[in-house]
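Participant: Here is my input; please provide its structure:
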Amino acid sequence: MSDKVNRQRNLVIKNTLVLYVRMFITMGVSLYTSRLVLNALGVVDFGIYNVVGGVVGMFGFLNVAMASSTQRFLNYELGKGNISQLNKVFNASVTIHIIIAIFILLLAETIGLWFLNNRLEIPDDKINAANWVFQFSVLSSMISLIQVPLLATIIAYERMKVYAYISIVEVFLKLGVVIVIKYCFEDKLIAYGALTMGASLVIALLYRLYCVRKFSNCHYIRYWSPKLFKELFSYTSWSLIGNLAWTFNSQGMNILINMFFGPVFNAARGIASSVEAVIRNTNWFIFQTSSMYSS
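Facilitator: Numbers count the residues shown, from 1 in each chain. Just a heads-up that it's a prediction; the model follows:
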């Protein structure tokens, strides 16, 4: 029993140290990348990118809530050692996230596209680029949606080192995207949207390759269980209202700023939001690591 406690204690220490290293690296690189993006795109294009991404982001509130539900059910079944049910939870979660991704695609290509072209304040010579960025943002959102169960599985198995490594790769990929567009493309706004989507795809593939190779429950088989779906959505309902309010507060503010003041003010808002996100994620991370293994 003592050896088991010591192993668990050592695992907690290693995971905590790895996650703190990840936090400091991603925080520093993300702040530096925000500055480079502004310099590479210019004030107007940077503002357009932020507001267009905000329109897509408003449709993602359900995904944030479902992520916590997926994490909870995977942890529960893994703790019980019920591998069969763990497989069912994973497959059901993937199916639900695919459905949500299709739902967001439909909303984005109807309401979102109409709103972009008829209500947002975008210069006439930038409207084509804004539409391309919108499409890339929608695809990036769908890619991020479908990888949620994979990330939840990695965290459930406490493979924090892998999570940290891939997170670090992600921020350096985004940094590389900024460096590339600064010197290699004429229309930097479209290039930035396309390469950012490409970076999201690379990260999703890394999660997919690792999970398929290391975890037997990550081989997706289409699974339909109304009872399990109801349980997942029932747990989600507790956090859905809060996530909905936060999404409309953050992304809705960005859209209102654009409608009344234009993309230049969105650029200022984008910088402020980047700093806020780093601070908020740092506070959340410290809270999570301090309470993750508490008994």
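Participant: Which residue is the nearest non-sequential neighbour of Gly112?
Facilitator: Residue nearest to Gly112 in three dimensions, not counting chain neighbours: Val55, with 5.3 Å by CB to CB, 6 or more residues apart in numbering. Just so you know, the C-beta spots here come from the backbone N, C-alpha and C atoms, and that holds for glycine as well.
Participant: give me every residue that touches that neighbour.
Facilitator: Val55 sits next to Ala108, Gly112, Phe115, Leu116, Leu120, Phe134, Ser137, Gln251, Ile255 when contact means CB atoms under 8 Å, 6 or more residues apart in numbering.
Participant: Next, give phi and psi for the third one.
Facilitator: Okay, so that is Phe115. According to degrees, to the nearest 10, the main-chain angles of Phe115 amount to phi -60, psi -40.
Participant: Give me the residue ranges of the stretch 101-250 of the chain where confidence is low.
Facilitator: Using pLDDT under 70 as the threshold, the predicted model of the stretch 101-250 of the chain has low-confidence ranges 237-240.
Participant: just to revisit the earlier point, list just the nearest of the contacts of Val55 to Thr236.
Facilitator: Sorting those by how near they are to Thr236, with CB to CB, puts Gln251 at the top with 19.5 Å.
Participant: okay, now the closest one: neighbour count?
Facilitator: By the criterion of other CB atoms under 10 Å, Gln251 has 22 neighbours.
Participant: got a list of what it touches?
Facilitator: Gly54, Val55, Gly57, Met58.
Participant: For those residues, which PyMOL command selects only the ones that are buried?
Facilitator: Under the burial definition 16 or more other CB atoms under 10 Å, those of the contacts of Gln251 that qualify are selected in PyMOL by:
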select buried, resi 54+55+57+58
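Participant: how about the contacts of Gln251 in a markdown table, adding pLDDT?
Facilitator: Shown next, in a markdown table, are the contacts of Gln251 (pLDDT from 0 to 100):
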| residue | pLDDT |
| --- | --- |
| Gly54 | 78 |
| Val55 | 78 |
| Gly57 | 73 |
| Met58 | 72 |
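Participant: So which of the contacts of Gln251 belong to helices?
Facilitator: Using DSSP state H, the subset of the contacts of Gln251 located in helices is Gly54, Val55, Gly57.
Participant: In the stretch 151-295 of the chain, what residue spans correspond to helices?
Facilitator: Listed from the start of the chain, the stretch 151-295 of the chain has helices (DSSP state H, counting those that start in this stretch) covering 160-184, 188-214, 226-261, 263-291.
Participant: out of these, deepest packed?
Facilitator: helix 188-214 (a mean of 19; mean count of other CB atoms under 10 Å).
Participant: how close does the residue positioned nearest the centre of the chain get to Gly53?
Facilitator: Closest residue to the average C-alpha location of the chain: Ser144 at 5.5 Å, with CA atoms, centre = their mean. Applying CB to CB, to the nearest Å, the value for Ser144 to Gly53 is 12 Å.
Participant: how about the nearest residue to Val133, chain neighbours excluded?
Facilitator: Gly193 (3.9 Å).
Participant: swap in Val29?
Facilitator: In this structure, Val29 finds its nearest non-sequential neighbour in Val171, 4.3 Å apart by CB to CB, 6+ apart.
Participant: From Ile241, how far out is that neighbour?
Facilitator: Val171 sits 31 Å away from Ile241 when distances are taken as CB to CB.
Participant: go on, Glu158?
Facilitator: As judged by CB to CB, Glu158 and Ile241 stand 30 Å apart.
Participant: now Phe265
Facilitator: Here the distance between Phe265 and Ile241 works out to 29 Å (CB to CB).
Participant: same check, this time on Ser274
Facilitator: Look at Ser274 and Ile241: by CB to CB, they are 26 Å apart.
Participant: next one: Ile100
Facilitator: Distance from Ile100 to Ile241, by CB to CB: 17 Å.
Participant: for Thr16, same thing?
Facilitator: Computed as CB to CB, the Thr16 to Ile241 distance reads 32 Å.
Participant: In this structure Phe215 contacts Ala156, no?
Facilitator: No. The pair Phe215 and Ala156 fails to qualify as a contact (CB atoms under 8 Å) at a distance of 9.2 Å.
Participant: neighbour count winner among those two?
Facilitator: Neighbour comparison, Phe215 and Ala156: the larger count goes to Ala156, with 24 against 18 (by other CB under 10 Å).
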